[in-house]
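> Provided below are the primary sequence and the corresponding predicted coordinates.
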Amino acid sequence: MRDPRDYIIFPLDVATRNDAEALVRQLAGRVGLFKIGLELFIRSGPDLIRWVRGEGGAGIFLDLKLHDIPMTVARAMAGIADLQVDMTTVHCGENPRMLEAAVDAGQGRTKVLGVTVLTSVGTADLHQAGFTPALADDVEALVRRRAEAAQAAGCAGVVCSGREAHAIKRALGPDFLAVTPGIRPAWESVGPDDQQRVMTPAEAVRSGADYIVIGRPIRDAVDPARAARRVADEVAEGLA
Ligand code: C5P
């Protein structure tokens, strides 16, 4: 059985390298992966990744959500694989050749996750963008369709909401990873924020999530290390 801590992906959603380093020092050995997104990567780049790899006592998830022509994505992916990150993201988008190019260029060194449908996208946006009414009105169907495309292209899994994790695991098998953001612990004290469709860590792992992305409840806690431990306890409860 995996250690409950390994389920936790902590996003380093801060603007400066100093802030990121402080969080990594507090949480080293307490989470499974540190997630570095566009903001921090643009400001601090590959150097920070090397530092986290050395000091973090955890894996690295480089969340750049690539979306471009297959050749450009392949060349970017080759660079990402050279950084020795464990996971990265590519939009499922419309073009399976882009996903295949990403997987090929990752050479099995970096797991490629497909981003299905961003949680900021709603039904009205999908109608406006010209999706058929059947897909625009049923976002979960669109998520499943994109997850199938990601699996066919060789992706290791997808980023999806906890609500979709169960259906995706059932349809695509236990080895296809479901990584779920929008996690709020039962003891949450952060107050209402921009995550609308939330789940607790226990609910998410019970739904089949292989990893949970959980940021602000840990980052903004008085004691982030203690908050991470409490999240791991909730994961353990969900696995029991
Ligand atoms: O737990 P918290 O809401 O602070 O986590 C925010 C992180 O989750 C950000 O890094 C964001 O990129 C990521 N994320 C998300 N919703 C998605 C995909 C990723 O909030 N659908």
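Looks like it arrived, so ask away.
> since we're on the residue of the chain at minimum distance from the ligand, how many residues are nearby?
Proximity of the chain to the ligand (CB to the nearest ligand atom) peaks at Gly215, 2.7 Å away. Where C-beta positions appear, they are placed from N, C-alpha and C, glycine not excepted. For Gly215, the number of neighbouring residues by other CB atoms under 10 Å comes to 19.
> oh, and call the first residue 44 from now on, that's how I've got it
Yep, numbering from 44; the last one is Gly258 now.
> what about Thr245, neighbour count?
Careful, residue 245 is Ala; it's not Thr. 21.
> Name the strands paired with the top strand by length along the chain and say parallel or antiparallel.
Longest strand in the chain by number of residues, with DSSP state E as the criterion: strand 102-109. Strand 102-109 has the following sheet partners, assigned by DSSP bridges: strand 76-80 (parallel), strand 130-134 (parallel).
> okay, the angle between the following helix or strand past the last one and strand 102-109?
Secondary structure here is assigned by DSSP states H and E; on that basis, the next helix or strand after strand 130-134 toward the C-terminus is helix 139-149. Counting by axes from the mean of the first three to the mean of the last three CA atoms, to 10 degrees, helix 139-149 points 150 degrees away from the direction of strand 102-109.
> Can you list the neighbours in contact with the longest strand of the chain?
52, 54, 75-81, 84, 92, 95-96, 116, 119-120, 123, 126-134, 145, 153, 158 (CB atoms under 8 Å, 6 or more residues apart in numbering).
> Any of these buried? List them.
52, 54, 75-80, 84, 92, 95-96, 116, 119-120, 123, 126, 128-134, 145, 153, 158 (16 or more other CB atoms under 10 Å).
> and the longest strand of the chain, average pLDDT?
In this model, strand 102-109 carries a mean pLDDT of 98.
> Okay, buried residues for that strand please.
Under 16+ other CB under 10 Å, the buried positions of strand 102-109 are Gly102, Ile103, Phe104, Leu105, Asp106, Leu107, Leu109.
> End to end on stretch 173-193, go ahead and measure it.
Terminal residues of stretch 173-193 are spaced 22 Å apart (CA to CA, to the nearest Å).
> can you list contacts of that stretch?
135, 139, 142, 156-157, 159-160, 164-166, 169-170, 200-201, 203-204, 206-207, 210-211, 214-215, 219.
> What are the buried residues along that stretch?
Here stretch 173-193 shows Leu178, Ala179, Val182, Leu185, Val186, Arg187, Arg189, Ala190, Glu191, Ala192, Ala193 as buried, counting by 16+ other CB under 10 Å.
> re earlier: list only buried entries from the contacts of stretch 173-193.
Buried among the contacts of stretch 173-193 by 16+ other CB under 10 Å: 135, 142, 156-157, 159-160, 169, 200-201, 203-204, 206-207, 210-211, 215, 219.
> could you pick out which of the buried ones among the contacts of strand 102-109 are near the ligand?
Taking CB under 6 Å from any ligand atom as the test, the ligand is in contact with Pro54, Lys78, Gly80 out of the buried ones among the contacts of strand 102-109.
> Which of those residues sits closest to Glu277?
Among these, Pro54 lies closest to Glu277 (CB to CB), at 17.8 Å.
> residue ranges of the helices in this protein, please?
Here the chain has its helices, by DSSP state H, at 60-70, 81-98, 113-125, 139-149, 166-171, 176-179, 182-196, 205-215, 244-249, 259-262, 267-282.
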